[in-house]
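Engineer: please find the sequence and the predicted model below.
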Amino acid sequence: MSFLIDSKKGIERTKSMRNGNRAEEHNSLSESIEMPDAMVMEIISRLPLRFVFQCKILSKNFKGMISHPEFSKTLFHRQKVTSSQLIYLIHDGRMLREFPKISLNPITQSVTTLCYGIEILASCDGLLLLEFERIRCYCVFNPLTGEHQLIPYPNSPRHELKKIGLAVDYLTSNQYKLVSISNLVENSNLFYKFHLLSSERSDLWREIQLRTNTFISLPYGSPPVHWHNSLYFLRSDGSVLALDTKNEEVVLIDRLDFIDHYDISYGKILTSREMSGNDIWLGRAQGLLTLVCIFRKHIVIGTFDRTSSRWGYSHTLDNFVLSPDGDIIGFPVWIDSKKMSFLVQRPPTQYHDLYEYDTNINGYKNVAVLDKVDYPMYCFHPTLACVHKTPSNNVTIAQEMSIAGRLDDIRRFILKGTNTSEEEVGGGGGGGGEEEETL
């Protein structure tokens, strides 16, 4: 009997040792295949952004790592190179408007339609600023995640709102601000009136004023430019209003010194001393605030130095956007990761040649032929920038449903053909018919 008991104990000890060895082997195997965080994040960073977005819900650890500013920078710069697009609207007076996009890698063009009453106002770091005119509201929208926020107009007559811009602080705080500008004359004192709204308080527009000695209009077709925590509004004489969205201060940047010099030596296109906006543009190229001036003989490109708060000219080109009749048939294309590009029409057709700077020849060359295009264009590349969700007290349920359908149409069209394909995006199409009446 004692022999049996001892044997049983021996078997149990053997099983225990075997189980222990197996556990040790399993733990050893787990440790051998467990990848360091850096390798995991490198793998995730190469996934389509939609899957990166889904990884955030796996655990708090994943969410924290994906939301880390350094990782966000990695995603941000990779998407700039691989998924940049130019998007715009073509207004033809019909109830439906053409909504084209130009994908840049490779260069292709496609188009869909939008119902009347939707405007594109800005694009900044993966977010779009849209306007639904009929219900008097702005919409901040991330086409990648589908998140959107509806924001009512500031308490100012609609006809006084001249421009509106979007400033996104995606890589540091996941906040954004809207800035509208209007101009008024009061007691013979001229001033610009800004309305500023932060994403965390979508019901509170704050007012900022800047008085000036002279009133200069804001040219059509030159949207505000977001650069280094400020929004820059071009005036028709070449001077710029700069609103610091962090300190909420406005300054006036004088016009470029070389404008008057080139006006004399290169033959200004217009006889007026003020530029109309057809021959001057403000934008961002290769990370620099850039101004393009079209003269009769030459195109002059200038860049802004933040340290000295002054403009300097970058380089001068022969004027290749002017027709033999003296009409401007081209305009700059702002692609932030590249040097200044241009789209130039081929009269009498509606086709345009896309000219990009080639470092090998130290000049511009034609890289693509595109169908009908229009200005302004907005450069867009998808990001995981957050959109705040707030109640829409001035919008009915029917209007919200209609807006959601329109946004889904836009989302699917923008993401189709990128590294986040249409099939990956999923979701239903936008509504039509009766919903269109609510917009």
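Structural biologist: Structure's in. What do you need? Numbers count the residues shown, from 1 in each chain.
Engineer: shaky segments in the stretch 301-439 of the chain?
Structural biologist: Counting by pLDDT under 70, the ranges of the stretch 301-439 of the chain that qualify are 417-439.
Engineer: tell me where it has helices.
Structural biologist: For the stretch 301-439 of the chain, applying DSSP state H, counting those that start in this stretch gives helices covering 397-415, 422-425, 434-438.
Engineer: before we move on, what about the stretch 51-200 of the chain?
Structural biologist: Here the stretch 51-200 of the chain has its helices, by DSSP H, counting those that start in this stretch, at 60-67, 69-82.
Engineer: with adjacent residues omitted, what lies nearest to Ile135?
Structural biologist: In this structure, Ile135 finds its nearest non-sequential neighbour in Gln399, 5.5 Å apart by Cβ to Cβ, 6 or more residues apart in numbering. To be clear about C-beta, it is placed using only N, CA and C from the backbone, and glycine gets the same treatment.
Engineer: how near is the one you found to Arg134?
Structural biologist: Between Gln399 and Arg134 the distance is 9 Å, computed by Cβ to Cβ, to the nearest Å.
Engineer: export the helices of the stretch 51-200 of the chain as JSON lines, with columns for distance to Tyr357 and mean neighbour count.
Structural biologist: Output for the helices of the stretch 51-200 of the chain, formatted as JSON lines (distance: least, Cβ to Cβ, whole Å; neighbours: other Cβ atoms under 10 Å):
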{"stretch": "helix 60-67", "distance to Tyr357": "35", "mean neighbour count": "14"}
{"stretch": "helix 69-82", "distance to Tyr357": "16", "mean neighbour count": "15"}
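Engineer: who wins for proximity to Ser230 among these?
Structural biologist: Closest of the helices of the stretch 51-200 of the chain to Ser230 is helix 69-82, at 19.3 Å (criterion: Cβ to Cβ).
Engineer: let's test this: mean pLDDT of that closest one, rounded?
Structural biologist: Across helix 69-82, pLDDT averages out at 72.
Engineer: got it, and stretch 106-122?
Structural biologist: In this model, stretch 106-122 has an average pLDDT of 89.
Engineer: span of it from start to end?
Structural biologist: End-to-end span of stretch 106-122 (Cα to Cα, to the nearest Å): 24 Å.
Engineer: Lys246 sits in which helix or strand?
Structural biologist: Per DSSP states H and E: Lys246 is located in neither a helix nor a strand.
Engineer: contact partners for it?
Structural biologist: Asn229 (Cβ atoms under 8 Å, 6 or more residues apart in numbering).
Engineer: adding distance to Ser230, write the helices of the stretch 51-200 of the chain out as JSON lines.
Structural biologist: Output for the helices of the stretch 51-200 of the chain, formatted as JSON lines (distance: least, Cβ to Cβ, whole Å):
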{"stretch": "helix 60-67", "distance to Ser230": "25"}
{"stretch": "helix 69-82", "distance to Ser230": "19"}
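Engineer: closest one to Arg255 among the ones you listed?
Structural biologist: In terms of Cβ to Cβ, the element of those nearest to Arg255 is helix 69-82, at 30.7 Å.
Engineer: ok so, going back, so what's the residue count around the residue nearest to Ile135?
Structural biologist: 19 (other Cβ atoms under 10 Å).
Engineer: Asp336 too?
Structural biologist: 17.
Engineer: what sits against it?
Structural biologist: With Cβ under 8 Å, 6+ apart as the criterion, the residues that contact Asp336 are 80, 284-287, 379.
Engineer: show me these that map onto strands.
Structural biologist: Using DSSP state E, the subset of these located in strands is 284-285, 379.
Engineer: what about Lys56, neighbour count?
Structural biologist: For Lys56, the neighbour count with other Cβ under 10 Å is 16.
Engineer: pretty sure it contacts Gly64?
Structural biologist: No - if you go by Cβ atoms under 8 Å, Lys56 and Gly64 don't touch, sitting 9.2 Å apart.
Engineer: so what sits against both of the two?
Structural biologist: Contact criterion Cβ under 8 Å, 6+ apart; residues shared by Lys56 and Gly64: none found.
Engineer: where does pLDDT dip in the stretch 1-150 of the chain?
Structural biologist: Along the stretch 1-150 of the chain, the parts satisfying pLDDT under 70 run over 1-36, 69, 78-81, 93-94.
Engineer: what are the ranges of the strands in it?
Structural biologist: Ranges of strands within the stretch 1-150 of the chain are 85-87, 96-104, 107-115, 118-124, 127-132, 137-141, 148-152, based on DSSP state E, counting those that start in this stretch.
Engineer: picking up where we left off before, please tabulate the ones in strands among the contacts of Asp336 in CSV, including the columns distance to Val321 and neighbour count.
Structural biologist: Shown next, in CSV, are the ones in strands among the contacts of Asp336 (distance: Cβ to Cβ, whole Å; neighbours: other Cβ atoms under 10 Å):
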residue, distance to Val321, neighbour count
Arg284, 19, 18
Ala285, 16, 22
Cys379, 19, 21
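Engineer: circling back: could you measure from the residue nearest to Ile135 over to Leu121?
Structural biologist: Using Cβ to Cβ, Gln399 is found at 19 Å from Leu121.
Engineer: tell me the domain ranges of this protein?
Structural biologist: 1-34, 76-380 (automatic domain parsing).
Engineer: just to revisit the earlier point, right, and the strands of the stretch 1-150 of the chain - which one's nearest Tyr375?
Structural biologist: strand 85-87 (10.5 Å).
Engineer: who does the closest one pair up with?
Structural biologist: Paired strands of strand 85-87, with direction, are strand 96-104 (antiparallel), strand 378-380 (antiparallel) (DSSP bridges).
Engineer: so can I have CSV of those showing distance to Gln345?
Structural biologist: Shown next, in CSV, are the strands paired with strand 85-87 (distance: least, Cβ to Cβ, whole Å):
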stretch, distance to Gln345
strand 96-104, 15
strand 378-380, 20
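Engineer: quick one: closest of these to His68.
Structural biologist: Checking the strands paired with strand 85-87 against His68 by Cβ to Cβ gives strand 378-380 as the closest, at 23.9 Å.
Engineer: can you give the contact residues for that closest one?
Structural biologist: The contact list for strand 378-380 (Cβ under 8 Å, 6+ apart) reads 84-88, 120, 122-123, 126, 128, 143, 223, 334-336, 414.
Engineer: and which of the residues you listed is nearest Gln109?
Structural biologist: Nearest to Gln109 out of the contacts of strand 378-380 is Leu86 (Cβ to Cβ; 9.3 Å).
Engineer: state the number of residues packed around the closest one.
Structural biologist: 24.
Engineer: mind listing what it touches?
Structural biologist: If you count contacts by Cβ under 8 Å, 6+ apart, then Leu86 has 101-102, 104, 333, 335, 377-380 around it.
Engineer: which strand residues sit across from it in the sheet?
Structural biologist: Beta-bridge pairing of Leu86 under DSSP bridges involves Ile102, Cys379.
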